[in-house]
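J.: 3D model of this:
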Amino acid sequence: MASNLESEIYQQPAVLQRFLDEKAEGVARLAETIRADAPRFFVIAARGTSDNAATYAKYIFSAINGIPVALAMPSLYTLYNRPPNMHGGWVIGISQSGQSPDIQAVLEEARRQNVPTLTITNAADSPLAEVADHVISLAAGEEKSVAASKTYTAELMAIATLAAYLKGEQKLVAELERVSSHAETVLQEAPAVAGIARRFYQHDQLVVVSRGFNYCTTFEIALKIKELAYIAAQAYSSADFLHGPIALLEKGFPVLAVACAGMAQDKMRELIDELRPLAVEQALITNDEALLESTSGAVRLPAGVPEWLSPIISVIPGQLLALNLAIERGFDPDNPRGLRKVTLTI
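T.: As a prediction, the model looks like this:
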């Protein structure tokens, strides 16, 4: 019998399409409101998996909309009582449950400063939704697994949809319509992912590397592996990795590289070429044909995925890898130790 996590991983194509079908029109109206307000920046508050979604937002809103993004430091609002001045911007809270008090505190402070607020959540009746001026509901359905999967990719879809409508380019909106089919395609790579898990499961540490838009993907995959398989997975930008952490590597050290076609592609090729002489245990998630031809143990991403949307697709093999690693190591993926579905921090 499939675990809740496995079932929810496979629900993602339908969840992503449902978001577009049910929520895109409302997001388009919200984009008009934001555009009329002309914010100079966004401040985003999030924790855990949602913090990785916030990192995606940081790239997307900056690259597509030209809007700088800062990630809030909730401790300034709750522990130190030293919130910054947020006038001129919008404050966005991202939380699957919408219940974390420290994220709520950031939005409450924004309202005290008369700064517009937006919540992105899977719980439209949550405290975080109630405190916000605007809400994007993910409509992902109940997520029973402790480890987030479908709510994470739904968060990315919400962010991408808002960025596309803010930009006002029909080409970007049209690209959103193909995301669910790309997700369906990549799920067919499950046997290749299981093969990587059989190579990696005996290790107690590994590295996940990427660059650019998929920086968030490295952190989300590493988080899932830590949560489910109890492997000390470390996430790096390929650029940061070359500034010191590469010294960790020795023969047989497991490295997972996410190398999607696009502007970051050449830099990832350079890193992978540099790793080959080190005889590391390497696996790839990629749609780069040259890398697919030269590497055994690769997961093929669908061709034609735009780089800006690739994090929604490239994380799915990472979710499957974490699931398979947990199973190979004899752990229950639905009951990770020390974790609860909703974590309340102040």
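J.: Give me the contacts around stretch 36-48.
T.: Stretch 36-48 is contacted by residues 53-54, 57-58, 61, 67-72, 74, 86, 88-95, 100, 102-103, 106-107, 110, 116, 148, 223, 343, 345 when judged by CB atoms under 8 Å, 6 or more residues apart in numbering. Quick note: C-beta positions are derived from backbone N, CA and C, even for glycine.
J.: okay, now residue 17: neighbour count?
T.: By other CB atoms under 10 Å, the residues close to residue 17 number 18.
J.: Tell me where the stretch 201-346 of the chain has strands.
T.: For the stretch 201-346 of the chain, the strands defined by DSSP state E, counting those that start in this stretch cover 205-210, 232-237, 254-259, 281-286, 298-300.
J.: Contacts made by stretch 195-206 with the rest, please.
T.: Contacts with stretch 195-206, where a contact means CB under 8 Å, 6+ apart, come from 225, 229, 231-234, 253-256, 281, 283, 297, 299, 321, 324-325, 327-329.
J.: Tabulate the CA atom coordinates of it in CSV.
T.: The C-alpha coordinates for stretch 195-206 follow below in CSV (Å, rounded to 0.1, in the frame of the first residue of the first chain):
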residue,chain,number,x,y,z
GLY,A,195,18.1,3.3,-8.9
ILE,A,196,19.9,6.4,-7.5
ALA,A,197,18.4,5.7,-4.1
ARG,A,198,19.9,2.2,-4.2
ARG,A,199,23.3,3.8,-4.9
PHE,A,200,23.0,6.5,-2.2
TYR,A,201,21.2,4.9,0.7
GLN,A,202,24.2,3.6,2.7
HIS,A,203,25.7,7.0,2.9
ASP,A,204,25.2,9.3,5.9
GLN,A,205,25.9,12.5,4.0
LEU,A,206,25.5,13.9,0.5
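J.: looking at the protein, which helix or strand is least sure?
T.: helix 289-294 (a mean of 89; mean pLDDT, DSSP states H and E).
J.: From the contact counts, what lies against that one?
T.: With contacts defined as 3 or more CB pairs under 8 Å, 6 or more residues apart in numbering; DSSP states H and E, helix 289-294 has these neighbours: helix 265-275, strand 281-286, strand 298-300.
J.: Report all helices and strands that the first one contacts.
T.: In this case it means helix 265-275. Counting by 3+ CB pairs under 8 Å, 6+ apart, helix 265-275 packs on strand 205-210, helix 238-242, strand 254-259, strand 281-286, helix 289-294.
J.: Same check on the last one?
T.: With contacts taken as 3+ CB pairs under 8 Å, 6+ apart, strand 298-300 sits against helix 190-200, strand 281-286, helix 289-294.
J.: so of the contacts of stretch 36-48, which ones are in strands?
T.: Applying DSSP state E to these, the entries found in strands are 69-71, 89-95.
J.: Now list the buried members of those residues.
T.: Applying 16 or more other CB atoms under 10 Å to those, the neighbour count classes 69, 89-95 as buried.
J.: Most widely separated two among the residues you listed?
T.: The most widely separated members of those are 89 and 95, with 19.0 Å between them, by CB to CB.
J.: can you tell me which two in the ones in strands among the contacts of stretch 36-48 are farthest apart?
T.: 89 and 95 (19.0 Å).
J.: circling back to that earlier point, in CSV, list the ones in strands among the contacts of stretch 36-48 along with pLDDT.
T.: What follows is the ones in strands among the contacts of stretch 36-48, written out as CSV (pLDDT from 0 to 100):
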residue, pLDDT
69, 98
70, 98
71, 97
89, 98
90, 98
91, 98
92, 98
93, 98
94, 98
95, 97
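J.: Present those as JSON lines; the columns should include distance to residue 305.
T.: Formatted as JSON lines, these follow (distance: CB to CB, whole Å):
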{"residue": "69", "distance to residue 305": "23"}
{"residue": "70", "distance to residue 305": "28"}
{"residue": "71", "distance to residue 305": "26"}
{"residue": "89", "distance to residue 305": "31"}
{"residue": "90", "distance to residue 305": "29"}
{"residue": "91", "distance to residue 305": "31"}
{"residue": "92", "distance to residue 305": "25"}
{"residue": "93", "distance to residue 305": "28"}
{"residue": "94", "distance to residue 305": "23"}
{"residue": "95", "distance to residue 305": "27"}
